[in-house]
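> curious how this folds, go ahead:
(2 chains)
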Number of protein chains: 2
Amino acid sequence: MYGEFELIEKIAARFTRPDGVTLGIGDDAAVLDPGRFDMVTTDTMVEGVHFDRRWSSAFDIGWKLIAVNLSDVAAMGGGPGVFFMNLTIPRDTEESFLDELLDGIHAACSELVPDSFDVGVGGGDVTATDGPLVLSVTMMGECSPAGPVLRSGAVPGDRVAVLGHLGLAAAGLALLRGDLEGAVPEDYPALLQAHRRPIARVHEGAMLGLYGVPSALMDVSDGLAQDLQKILRASGAGAWVEAHSLPRHPELERLEREHGADVLSYILSGGDDYELVITVPPARMPKLWELARRYEWDVYDLGEVRGAEEGLRLIGPDGSPLALDVRGWDHFAGAAG
Amino acid sequence: MYGEFELIEKIAARFTRPDGVTLGIGDDAAVLDPGRFDMVTTDTMVEGVHFDRRWSSAFDIGWKLIAVNLSDVAAMGGGPGVFFMNLTIPRDTEESFLDELLDGIHAACSELVPDSFDVGVGGGDVTATDGPLVLSVTMMGECSPAGPVLRSGAVPGDRVAVLGHLGLAAAGLALLRGDLEGAVPEDYPALLQAHRRPIARVHEGAMLGLYGVPSALMDVSDGLAQDLQKILRASGAGAWVEAHSLPRHPELERLEREHGADVLSYILSGGDDYELVITVPPARMPKLWELARRYEWDVYDLGEVRGAEEGLRLIGPDGSPLALDVRGWDHFAGAAG
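Numbering: from 1, shown residues only, chains lettered A, B, ... in the order given. Okay, the predicted model is just below:
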């Protein structure tokens, strides 16, 4: 395994200092251009809780570490910039594992981030551990000139929409764990991909923020039901979601048909998809559709924000409420709902 | 043990949102006042590597987590502000342990920080683990109007000085571990205190930065020899340090006298003291002494910055070089030098 300083040198050599950073790796602290970054988010990934080396490669783990933090910046309608890494590494870790981890981190920075942003390392800390791998990233970004998009802005009458398919990552994990008897994981590449290398909606988040489209915005990390509940609680509102409007990915449909998977449960309660859920005032819906057409976004209109007294309801095609499972991923319990 | 959201609520209730933070805990990211913070540092503490629950209470661990990060801001000549916490917590952790950990974090924020700064939580992430406790803090601060004080500014002819005593924390840890046969840890309260609740030099760092006193500045976390080497390497310089100018704390002298401890080794190579080592142009020395007298700082003039070709030398009272042990704390090896 690399020594502490050797690993820091590898990181410093691998990542160029991003725009907006005056002083990067190498001193007691990093120095930023004043006035550049006004947003901070941080996420930790723990081996055995958030990832499993049996199902994810070192590259996948590095990729996901960046993706989840990029997703939080997108979920504020902002653009990402410099990040800081805390790598807590088991003593017996192979150097090749660390090389691949850095490859995955590097690839996510370039492949998930449009050219208009420059994402790179400003500093961090590497430490050894006798326990599992623990990886934290603290990412800074820039709010849109229109300001950050909070969870608390949803108003009755707004539409509820999602950009992209949900439930894929949870189904992918279920396949890898062998939860679905007889199903061959490799037959479902999109589901595995969603679990291993989620796509953060960096461009979508920044554009939604720039054009002031959403009244509220979140990324779906704990499951649609639980995350939409957070928006509704912060906004003091309820919502009706139409069950038949929830997008069903072809691989999910096949999994249901061939292996009896409870696809609706994955869609509502599966975490780790990192798609964006938004509420949009009716007057801003045309702008959303214009952006969706221009940039080929996958947008699904799911329902309507209602009064708080109505709670979060799942509505069937005939207008009658269905039972809604509001469980989601609880990182402390470590079990998907 | 607390649930994830319960613990976050406890943290949010316990810490007020600090100055310069528009939006704290509760959304996907925090939002900062633009132009406020231009410095970032981060440090991780791992159970079994950086602390041991046999020697440190939960309060001590929380205190130290903040102290080490405050110290890095001081080591840039800046002032501290908002921080972000990543708490990775073993599943069987008692609620009372977490309460005391937060108590220690809170106490360090108020007791180590002068009124002119406001240090508090802007956000973070809490996760469970099957392994040891892993704690990261990413702290933001403000550079002095005179700019950050780097490691790279030392010039031959500058004086080398230290603010405070060194070697105490390492001696305290040696006592707790039972490395010193027959020595009773409780007989050395200052050494135990230095290990358990180090003092970050927040005011000193900020004042040194404000008055532009140092040409280079660092905090001593890995041992004087190793950390001074970092300044010299960054500056392309060497230094002579006078062995007889190194301050010797009364408890260290007693430990040497009564138990034959190798006190010079603690002073040169012991880590975790978080005192400040500085190089100062001769013309700025009067300002240093003025500040030291005004604020009752413990300043020791140790020697002189020399040319790179002279390396780092320890000089005896007769001017002859002594053997210098340049080992220090290597967090990967996990052994004090």
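> buried residues, stretch A:134-150. List them.
By 16 or more other C-beta atoms under 10 Å in any protein chain shown, the buried positions in stretch A:134-150 come out as A:134-144, A:148-150. Heads up, the C-betas are built off the backbone N, CA and C, glycines and all.
> possible to save these as CSV with pLDDT?
What follows is the buried residues of stretch A:134-150, written out as CSV (pLDDT from 0 to 100):
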residue, pLDDT
A:Val134, 98
A:Leu135, 98
A:Ser136, 98
A:Val137, 98
A:Thr138, 98
A:Met139, 98
A:Met140, 98
A:Gly141, 97
A:Glu142, 97
A:Cys143, 97
A:Ser144, 96
A:Pro148, 97
A:Val149, 97
A:Leu150, 97
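> tell me which two in these are the farthest apart.
A:Val134 and A:Ser144 (32.2 Å; C-beta to C-beta).
> contacting residues for the closest residue to chain B within the stretch 51-200 of chain A?
Relative to chain B, the nearest point of the stretch 51-200 of chain A is A:Gly131 (2.3 Å; C-beta to the nearest C-beta). Taking C-beta atoms under 8 Å, 6 or more residues apart in numbering or on different chains as the contact definition, A:Gly131 lies against A:90, B:46-48, B:129-132, B:134.
> give me the number of residues near A:Gly172?
28 (other C-beta atoms under 10 Å in any protein chain shown).
> A:Gly26: how many residues sit nearby?
16.
> name the nearest residue to it, sequence neighbours excluded.
What sits nearest to A:Gly26 in space, not counting adjacent residues and going by C-beta to C-beta, 6 or more residues apart in numbering or on different chains, is A:Ala12, at 6.8 Å.
> would you agree that neighbour falls within a helix?
Yes. Under DSSP: H, G, I helix; E, B strand; the rest coil, A:Ala12 sits within a helix.
> surely it touches A:Gly24?
Yes. Assessed by C-beta atoms under 8 Å, A:Ala12 is found in contact with A:Gly24 at 7.4 Å.
> tell me which stretches of the stretch 51-200 of chain A form helices.
Listed in chain order, the helices of the stretch 51-200 of chain A (DSSP state H, counting those that start in this stretch) span A:58-74, A:95-111, A:168-177, A:189-196.
> which of the residues in the last one are buried?
What it means is helix A:189-196. Neighbour-count burial for helix A:189-196, counted by 16+ other C-beta under 10 Å, picks out A:191-196.
> nearest to B:Ile315 among these?
Out of these, the member with the shortest distance to B:Ile315 (by C-beta to C-beta) is A:Arg196, at 58.1 Å.
> report the contact partners of that closest one.
Taking C-beta under 8 Å, 6+ apart as the test, what A:Arg196 contacts is A:55-57, A:60, A:63-64, A:172.
> just A:Leu232 next, same as before
Listed by C-beta under 8 Å, 6+ apart, the contact partners of A:Leu232 are A:154, A:238-239, A:305, A:308, A:312.
> again, but for A:Asp262
Contacts for A:Asp262 (C-beta under 8 Å, 6+ apart) come out as A:Glu256.
> if we use 6 Å, what do you get?
If you count contacts by C-beta atoms under 6 Å, 6 or more residues apart in numbering or on different chains, A:Asp262 has none.
> what do you get for A:Pro281?
So A:Pro281 contacts A:158, A:215 (C-beta under 6 Å, 6+ apart).
> how near is the residue nearest to A:Glu309 when sequence neighbours are not counted to A:Val160?
The shortest distance from A:Glu309 to any non-neighbouring residue, by C-beta to C-beta, 6+ apart, is to A:Gly238 (6.7 Å). From A:Gly238 across to A:Val160, the span is 11 Å (C-beta to C-beta, to the nearest Å).
> these two: who's more crowded?
Comparing A:Gly238 with A:Val160 by other C-beta under 10 Å, the one with more neighbours is A:Val160, at 27 against 20.
> OK, contacts around the more buried one?
Counting by C-beta under 6 Å, 6+ apart, A:Val160 touches A:239, A:279, A:302-303.
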